[in-house]
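Trainee: predicted model and sequence follow; I will ask about them next.
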Amino acid sequence: MTVGWKLTRECRDALIATMPPKYARTIADHVTLSISGTVSPERVADAKIVGRADDGLGVEAMIVAIDGSTARPDGKVWHVTWSLADNRTARESNDVIAQLGWTKVPYHTLCLEPAIW
């Protein structure tokens with residue numbers, strides 16, 4: 001099962017209004033910790049959107065700092081897949097970030113709830 005944090009509905013709605021998704025399918029719902037977990041993660045004390053990645057071809061992701069760091073335990077970058085073109089998948093966000101990097105954006109606080117899905 002996937003474990004991580006889900007954005008609260010209120011937080012998600014406010015962020016989408018502030019940073020409208022670029023592509024047809026709005027995702028903007030979670031930050032993944034692990035795709036093979038069974039235990040809900042601990043609450044996050046401080047989470048912020050700090051950057052954005054976009055390949056210009058249908059993958060848009062917002063970079064997240066959790067407790068001041070964008071680095072996940074697996075060496076990848078914390079992020080929220082923000083929007084996708086119809087022919088793209090959320091998993092591609094990791095590749096886009098690794099290949100193209102990301103640019104800083106003004107901070108936006110995230111309200112995250114521990115979750116398993």
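Mentor: Received the coordinates, thanks.
Trainee: what about the strands in this structure?
Mentor: Assigned by DSSP state E, the strands in the chain fall at 3-7, 25-26, 30-34, 47-54, 59-66, 79-84, 103-109, 112-116.
Trainee: any figure for the gap between the residue nearest to Arg43 when sequence neighbours are not counted and Pro20?
Mentor: In space, and not counting its chain neighbours, Arg43 is closest to Pro114: 6.0 Å by Cβ to Cβ, 6 or more residues apart in numbering. Every C-beta, even on glycine, is put in place using the N, C-alpha and C of the backbone. Applying Cβ to Cβ, to the nearest Å, the value for Pro114 to Pro20 is 28 Å.
Trainee: same thing with Val44?
Mentor: From Val44 over to Pro20 (counting by Cβ to Cβ), the distance is 25 Å.
Trainee: and those two? which has more neighbours close in?
Mentor: More crowded of Val44 and Pro20, by other Cβ atoms under 10 Å: Val44, with 19 against 10.
Trainee: can you check the pLDDT for that one?
Mentor: On pLDDT, Val44 comes in at 96.
Trainee: list the contacts for it?
Mentor: Trp5, Ile66, Asp67, Leu112 (Cβ atoms under 8 Å, 6 or more residues apart in numbering).
Trainee: mind checking the strands of the chain for the one nearest to Glu92?
Mentor: Closest of those to Glu92 is strand 59-66, at 4.9 Å (criterion: Cβ to Cβ).
Trainee: who touches the spatially most central residue of the chain in this structure?
Mentor: Geometric centre of the chain, nearest residue: Val80, 1.0 Å, by Cα atoms, centre = their mean. In this structure, Val80 makes contact with Leu7, Ile27, Ala28, Asp29, His30, Val31, Ile49, Ala61, Met62, Val64, Leu110, judged by Cβ under 8 Å, 6+ apart.
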